[in-house]
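Chemist: below are the sequence and a predicted model; questions follow.
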Amino acid sequence: MEYQRLFDLQRWNSYIETMNNYSAKPLSNGKGAAFKKGVNELFPIPQAEIDRSGGSTTQNPGY
């Protein structure tokens, strides 16, 4: 999967389903099986950025 495909899958809301289907393939060695809906769609916000915002920014759910 190319780097840009990740963002396409997220935009189309098919990221989790695609990764779970990929993990079921014989030669995937379980890659993609750890993705969870509601958690892995977003990246964590660095703590330094939250501190700099003065409390107006909160951490993404699941982190």
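Modeler: Nice, I can see it. Numbering: from 1, shown residues only.
Chemist: give me the low-pLDDT residue ranges for this structure?
Modeler: Low-confidence segments of the chain (pLDDT under 70): 1-3, 28-34.
Chemist: just the helices in it please.
Modeler: Here the chain has its helices, by DSSP state H, at 3-11, 15-23, 47-52.
Chemist: relative to the whole chain's centre, how far out is the shortest one?
Modeler: Computed by CA atoms, centre = their mean, to the nearest Å, the separation of helix 47-52 from the middle of its chain amounts to 21 Å.
Chemist: chain center to stretch 43-63, what's the gap?
Modeler: Distance, centroid of stretch 43-63 to centroid of chain: 16 Å (CA atoms, centre = their mean).
Chemist: winner for burial among the helices of the chain?
Modeler: helix 15-23 (a mean of 16; mean count of other CB atoms under 10 Å). Any C-beta I mention is one placed from the backbone N, CA and C, and that applies to glycine too.
Chemist: that one vs helix 3-11, what angle?
Modeler: Inter-element angle recorded for helix 15-23 and helix 3-11: 120 degrees (by axes from the mean of the first three to the mean of the last three CA atoms, to 10 degrees).
Chemist: tell me which residue of the chain is furthest from the middle?
Modeler: residue 54 (25.9 Å; CA atoms, centre = their mean).
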